[in-house]
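Colleague: Build me a model:
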Amino acid sequence: MPVAVEQARSHLESLGLTSSAAVLDQRLDQAAHRQLSYAEFLADLLAVEVAARRERYFKARTRLAHFPFHKTLEEFDFAFQPSIDERRVRELAQLAFVREAANVLLLGPPGVGKTHLAVALGLKAIEAGYGVYFVRAHDLVEDLRRAMAEHKLDRRLRVYLAPRVLIIDEFGVWPYDRLASTALFTLVSARYERGSIILTSNKGFAEWGEVLGDNVIATAVLDRLLHHSHVLNIRGESYRLREERQAGLVGARVVMGGDNPQP
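Modeller: Model prediction:
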(Lines give C-alpha, C1' and ligand atoms only; values in the text may rest on other atoms or scores of the structure.)
Protein backbone atom coordinates (compact mmCIF):
# COMPACT_ATOMS: atom_id res chain seq x y z
CA MET A 1 0.00 0.00 0.00
CA PRO A 2 2.75 2.58 0.84
CA VAL A 3 4.40 1.85 -2.53
CA ALA A 4 1.14 2.48 -4.35
CA VAL A 5 0.64 5.71 -2.43
CA GLU A 6 4.10 6.94 -3.33
CA GLN A 7 3.51 6.03 -6.96
CA ALA A 8 0.21 7.91 -6.92
CA ARG A 9 1.92 10.92 -5.33
CA SER A 10 4.67 10.82 -7.94
CA HIS A 11 2.12 10.66 -10.76
CA LEU A 12 0.21 13.61 -9.30
CA GLU A 13 3.40 15.67 -9.08
CA SER A 14 4.39 14.72 -12.63
CA LEU A 15 1.00 15.97 -13.83
CA GLY A 16 1.49 19.24 -11.96
CA LEU A 17 -1.20 18.40 -9.40
CA THR A 18 1.02 19.45 -6.53
CA SER A 19 -1.76 20.52 -4.17
CA SER A 20 -3.44 17.13 -4.48
CA ALA A 21 -0.11 15.39 -3.98
CA ALA A 22 0.51 17.37 -0.78
CA VAL A 23 -2.75 16.23 0.84
CA LEU A 24 -2.87 12.69 -0.55
CA ASP A 25 -2.18 10.94 2.77
CA GLN A 26 -4.72 13.07 4.59
CA ARG A 27 -7.40 12.49 1.97
CA LEU A 28 -6.72 8.74 1.95
CA ASP A 29 -7.20 8.59 5.73
CA GLN A 30 -10.41 10.61 5.47
CA ALA A 31 -11.70 8.39 2.67
CA ALA A 32 -11.06 5.26 4.74
CA HIS A 33 -12.69 6.79 7.82
CA ARG A 34 -15.76 7.96 5.87
CA GLN A 35 -15.85 4.83 3.72
CA LEU A 36 -15.90 6.84 0.50
CA SER A 37 -16.18 5.12 -2.85
CA TYR A 38 -13.30 5.40 -5.33
CA ALA A 39 -15.23 8.01 -7.30
CA GLU A 40 -15.98 10.06 -4.17
CA PHE A 41 -12.33 9.92 -3.09
CA LEU A 42 -11.17 11.05 -6.53
CA ALA A 43 -13.69 13.89 -6.62
CA ASP A 44 -12.59 15.01 -3.16
CA LEU A 45 -8.90 14.92 -4.09
CA LEU A 46 -9.39 16.81 -7.34
CA ALA A 47 -11.53 19.42 -5.58
CA VAL A 48 -8.44 20.32 -3.54
CA GLU A 49 -6.51 20.96 -6.75
CA VAL A 50 -9.30 22.98 -8.30
CA ALA A 51 -9.56 25.19 -5.21
CA ALA A 52 -5.79 25.69 -5.08
CA ARG A 53 -5.61 26.64 -8.74
CA ARG A 54 -8.53 29.03 -8.37
CA GLU A 55 -6.75 30.69 -5.44
CA ARG A 56 -3.49 31.00 -7.41
CA TYR A 57 -5.39 32.43 -10.37
CA PHE A 58 -7.16 34.95 -8.16
CA LYS A 59 -3.92 36.10 -6.51
CA ALA A 60 -2.15 36.43 -9.86
CA ARG A 61 -5.02 38.35 -11.47
CA THR A 62 -5.35 40.57 -8.41
CA ARG A 63 -1.64 41.38 -8.54
CA LEU A 64 -1.84 42.20 -12.27
CA ALA A 65 -4.85 44.46 -11.65
CA HIS A 66 -2.66 46.92 -9.68
CA PHE A 67 -5.32 47.68 -7.06
CA PRO A 68 -4.22 50.30 -4.50
CA PHE A 69 -5.68 48.11 -1.74
CA HIS A 70 -7.75 44.96 -1.26
CA LYS A 71 -11.26 45.80 -0.05
CA THR A 72 -14.32 43.69 -0.65
CA LEU A 73 -17.99 44.50 -0.91
CA GLU A 74 -18.55 42.73 2.40
CA GLU A 75 -16.26 45.29 4.07
CA PHE A 76 -18.19 48.30 2.78
CA ASP A 77 -20.18 50.16 5.43
CA PHE A 78 -23.50 50.77 3.69
CA ALA A 79 -25.02 52.01 6.95
CA PHE A 80 -22.60 54.93 6.97
CA GLN A 81 -23.57 55.92 3.41
CA PRO A 82 -27.39 55.68 3.28
CA SER A 83 -27.46 57.50 -0.08
CA ILE A 84 -26.14 54.32 -1.70
CA ASP A 85 -28.71 51.76 -2.77
CA GLU A 86 -27.14 48.58 -1.37
CA ARG A 87 -29.45 46.35 -3.40
CA ARG A 88 -28.36 48.05 -6.60
CA VAL A 89 -24.67 47.66 -5.74
CA ARG A 90 -25.14 43.98 -5.01
CA GLU A 91 -26.93 43.60 -8.35
CA LEU A 92 -23.89 45.17 -10.02
CA ALA A 93 -21.76 42.59 -8.21
CA GLN A 94 -23.61 39.91 -10.22
CA LEU A 95 -21.60 41.35 -13.15
CA ALA A 96 -24.33 41.61 -15.76
CA PHE A 97 -22.79 44.98 -16.65
CA VAL A 98 -19.52 43.23 -17.55
CA ARG A 99 -21.25 40.69 -19.76
CA GLU A 100 -23.09 43.56 -21.47
CA ALA A 101 -19.94 45.73 -21.78
CA ALA A 102 -21.73 48.46 -19.84
CA ASN A 103 -20.07 51.05 -17.60
CA VAL A 104 -20.36 51.99 -13.93
CA LEU A 105 -19.86 55.63 -12.94
CA LEU A 106 -19.39 56.37 -9.23
CA LEU A 107 -19.78 60.07 -8.46
CA GLY A 108 -19.38 61.92 -5.18
CA PRO A 109 -17.07 64.02 -3.00
CA PRO A 110 -13.70 62.69 -1.80
CA GLY A 111 -13.66 59.98 0.83
CA VAL A 112 -17.19 58.60 0.47
CA GLY A 113 -16.13 55.12 -0.70
CA LYS A 114 -16.08 55.40 -4.48
CA THR A 115 -12.70 53.73 -4.87
CA HIS A 116 -13.62 51.04 -2.33
CA LEU A 117 -16.70 50.12 -4.36
CA ALA A 118 -14.73 50.19 -7.63
CA VAL A 119 -12.09 47.84 -6.23
CA ALA A 120 -14.73 45.57 -4.70
CA LEU A 121 -16.51 45.23 -8.05
CA GLY A 122 -13.15 44.61 -9.69
CA LEU A 123 -12.42 41.78 -7.26
CA LYS A 124 -15.81 40.25 -8.02
CA ALA A 125 -14.97 40.40 -11.72
CA ILE A 126 -11.65 38.65 -11.14
CA GLU A 127 -13.39 35.92 -9.13
CA ALA A 128 -15.64 35.38 -12.14
CA GLY A 129 -12.65 35.01 -14.44
CA TYR A 130 -12.52 38.47 -16.03
CA GLY A 131 -9.36 40.49 -16.50
CA VAL A 132 -9.28 43.78 -14.57
CA TYR A 133 -6.89 46.74 -14.58
CA PHE A 134 -6.90 49.67 -12.16
CA VAL A 135 -5.34 53.05 -12.99
CA ARG A 136 -5.54 56.58 -11.62
CA ALA A 137 -7.07 58.94 -14.15
CA HIS A 138 -4.10 61.31 -14.05
CA ASP A 139 -1.60 58.50 -14.67
CA LEU A 140 -3.75 57.08 -17.47
CA VAL A 141 -4.20 60.38 -19.28
CA GLU A 142 -0.54 61.35 -18.96
CA ASP A 143 0.48 57.94 -20.28
CA LEU A 144 -1.83 58.27 -23.28
CA ARG A 145 -0.81 61.87 -23.90
CA ARG A 146 2.87 60.90 -24.06
CA ALA A 147 2.08 57.98 -26.32
CA MET A 148 0.13 60.22 -28.68
CA ALA A 149 2.95 62.78 -28.77
CA GLU A 150 5.41 59.98 -29.59
CA HIS A 151 3.07 58.49 -32.23
CA LYS A 152 2.77 55.27 -30.20
CA LEU A 153 -0.85 55.60 -29.10
CA ASP A 154 -2.12 52.49 -30.88
CA ARG A 155 0.50 50.33 -29.19
CA ARG A 156 -0.10 51.84 -25.75
CA LEU A 157 -3.87 51.55 -26.04
CA ARG A 158 -3.55 47.76 -26.05
CA VAL A 159 -2.70 47.82 -22.35
CA TYR A 160 -6.00 49.51 -21.56
CA LEU A 161 -8.10 47.65 -24.12
CA ALA A 162 -7.04 44.15 -23.04
CA PRO A 163 -8.84 43.85 -19.67
CA ARG A 164 -12.55 43.17 -19.67
CA VAL A 165 -12.94 45.75 -16.90
CA LEU A 166 -10.90 48.96 -16.79
CA ILE A 167 -11.14 50.96 -13.55
CA ILE A 168 -10.33 54.67 -13.93
CA ASP A 169 -10.06 56.29 -10.51
CA GLU A 170 -10.19 59.95 -9.45
CA PHE A 171 -11.25 61.49 -12.75
CA GLY A 172 -11.54 65.25 -12.46
CA VAL A 173 -8.97 65.86 -9.73
CA TRP A 174 -6.66 67.50 -12.28
CA PRO A 175 -7.56 69.38 -15.49
CA TYR A 176 -6.25 68.00 -18.78
CA ASP A 177 -4.91 69.69 -21.88
CA ARG A 178 -6.45 69.10 -25.30
CA LEU A 179 -3.96 66.41 -26.30
CA ALA A 180 -4.64 64.44 -23.12
CA SER A 181 -8.40 64.86 -23.52
CA THR A 182 -8.26 63.66 -27.11
CA ALA A 183 -6.25 60.62 -26.02
CA LEU A 184 -8.85 59.81 -23.35
CA PHE A 185 -11.64 60.13 -25.89
CA THR A 186 -9.76 57.71 -28.16
CA LEU A 187 -9.60 55.14 -25.36
CA VAL A 188 -13.25 55.49 -24.36
CA SER A 189 -14.30 55.19 -28.00
CA ALA A 190 -12.14 52.10 -28.50
CA ARG A 191 -13.66 50.38 -25.47
CA TYR A 192 -17.21 51.41 -26.37
CA GLU A 193 -19.45 48.30 -26.39
CA ARG A 194 -16.33 46.11 -26.19
CA GLY A 195 -15.39 46.30 -22.51
CA SER A 196 -16.59 47.85 -19.27
CA ILE A 197 -15.24 50.94 -17.58
CA ILE A 198 -15.70 51.62 -13.87
CA LEU A 199 -14.98 55.30 -13.33
CA THR A 200 -14.90 57.29 -10.10
CA SER A 201 -15.12 61.08 -10.09
CA ASN A 202 -15.73 63.95 -7.72
CA LYS A 203 -17.05 66.07 -10.60
CA GLY A 204 -20.62 66.24 -11.85
CA PHE A 205 -21.17 65.74 -15.57
CA ALA A 206 -21.73 69.47 -16.07
CA GLU A 207 -18.13 70.09 -14.97
CA TRP A 208 -16.48 67.62 -17.36
CA GLY A 209 -16.10 70.25 -20.08
CA GLU A 210 -13.99 72.33 -17.72
CA VAL A 211 -11.91 69.29 -16.67
CA LEU A 212 -11.25 68.22 -20.24
CA GLY A 213 -10.81 71.77 -21.49
CA ASP A 214 -13.22 71.19 -24.35
CA ASN A 215 -17.01 70.90 -24.18
CA VAL A 216 -17.20 69.02 -27.48
CA ILE A 217 -14.77 66.33 -26.32
CA ALA A 218 -16.50 66.12 -22.93
CA THR A 219 -19.87 65.62 -24.62
CA ALA A 220 -18.42 62.92 -26.89
CA VAL A 221 -16.81 61.09 -23.95
CA LEU A 222 -19.99 61.25 -21.88
CA ASP A 223 -22.10 60.11 -24.83
CA ARG A 224 -20.14 56.85 -25.02
CA LEU A 225 -19.80 56.32 -21.29
CA LEU A 226 -23.47 56.92 -20.54
CA HIS A 227 -25.04 55.05 -23.45
CA HIS A 228 -24.81 51.74 -21.55
CA SER A 229 -24.18 52.69 -17.95
CA HIS A 230 -25.09 52.57 -14.29
CA VAL A 231 -24.60 55.85 -12.43
CA LEU A 232 -24.34 55.95 -8.63
CA ASN A 233 -24.32 59.35 -6.94
CA ILE A 234 -22.90 59.11 -3.43
CA ARG A 235 -23.71 61.89 -0.99
CA GLY A 236 -22.33 61.59 2.51
CA GLU A 237 -19.52 62.18 4.95
CA SER A 238 -15.94 61.15 4.22
CA TYR A 239 -14.86 57.84 5.78
CA ARG A 240 -11.42 59.29 6.36
CA LEU A 241 -12.87 62.30 8.18
CA ARG A 242 -14.95 59.97 10.35
CA GLU A 243 -11.89 57.88 11.20
CA GLU A 244 -9.89 60.99 12.05
CA ARG A 245 -12.72 62.25 14.25
CA GLN A 246 -12.92 58.91 16.04
CA ALA A 247 -9.16 58.99 16.58
CA GLY A 248 -9.37 62.54 17.91
CA LEU A 249 -7.18 63.89 15.11
CA VAL A 250 -9.65 66.49 13.84
CA GLY A 251 -9.90 68.16 17.23
CA ALA A 252 -6.13 67.97 17.62
CA ARG A 253 -5.61 69.83 14.36
CA VAL A 254 -7.86 72.65 15.51
CA VAL A 255 -6.10 72.97 18.85
CA MET A 256 -2.66 72.96 17.22
CA GLY A 257 -3.74 75.54 14.64
CA GLY A 258 -3.04 73.23 11.72
CA ASP A 259 -4.70 73.01 8.33
CA ASN A 260 -8.43 72.60 8.07
CA PRO A 261 -9.30 68.89 7.98
CA GLN A 262 -9.62 67.57 4.47
CA PRO A 263 -11.58 64.46 3.52
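Colleague: Can you name every helix or strand that the biggest helix by length in the chain contacts?
Modeller: The residue-count maximum for a helix in the chain (DSSP state H) belongs to helix 38-65. On a contact count with 3 or more C-beta pairs under 8 Å, 6 or more residues apart in numbering; DSSP states H and E, helix 38-65 meets helix 18-22, helix 24-34, helix 114-127, strand 132-136. From N, CA and C alone the C-beta is placed, and that goes for glycine too.
Colleague: Same list, these, but as CSV with mean neighbour count, distance to residue 86 and mean pLDDT please.
Modeller: CSV is the format used below for the helices and strands packed on helix 38-65 (neighbours: other C-beta atoms under 10 Å; distance: least, C-beta to C-beta, whole Å; pLDDT from 0 to 100):
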stretch, mean neighbour count, distance to residue 86, mean pLDDT
helix 18-22, 18, 36, 90
helix 24-34, 13, 40, 90
helix 114-127, 22, 11, 97
strand 132-136, 21, 22, 98
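Colleague: Residue 235 is nearest to which of the ones you listed?
Modeller: Judged by C-beta to C-beta, the one of those that comes nearest to residue 235 is helix 114-127, at 11.6 Å.
Colleague: and stretch 234-244, average pLDDT?
Modeller: For stretch 234-244, mean pLDDT rounds to 66.
Colleague: With stretch 143-159 instead?
Modeller: Here the average pLDDT along stretch 143-159 is 91.
Colleague: buried sites along it?
Modeller: Across stretch 143-159, burial judged by 16 or more other C-beta atoms under 10 Å covers 143-145, 147-148, 153, 156-157.
Colleague: hmm, which helix or strand of the chain has the shakiest average pLDDT?
Modeller: When the helices and strands of the chain are scored by mean pLDDT, DSSP states H and E, helix 249-256 comes last with a mean of 46.
Colleague: Pull the distance from stretch 201-221 to the chain's centre.
Modeller: When distances are taken as C-alpha atoms, centre = their mean, to the nearest Å, stretch 201-221 is centred 24 Å away from the chain's centroid.
Colleague: residues contacting residue 229?
Modeller: 102-105 (C-beta atoms under 8 Å, 6 or more residues apart in numbering).
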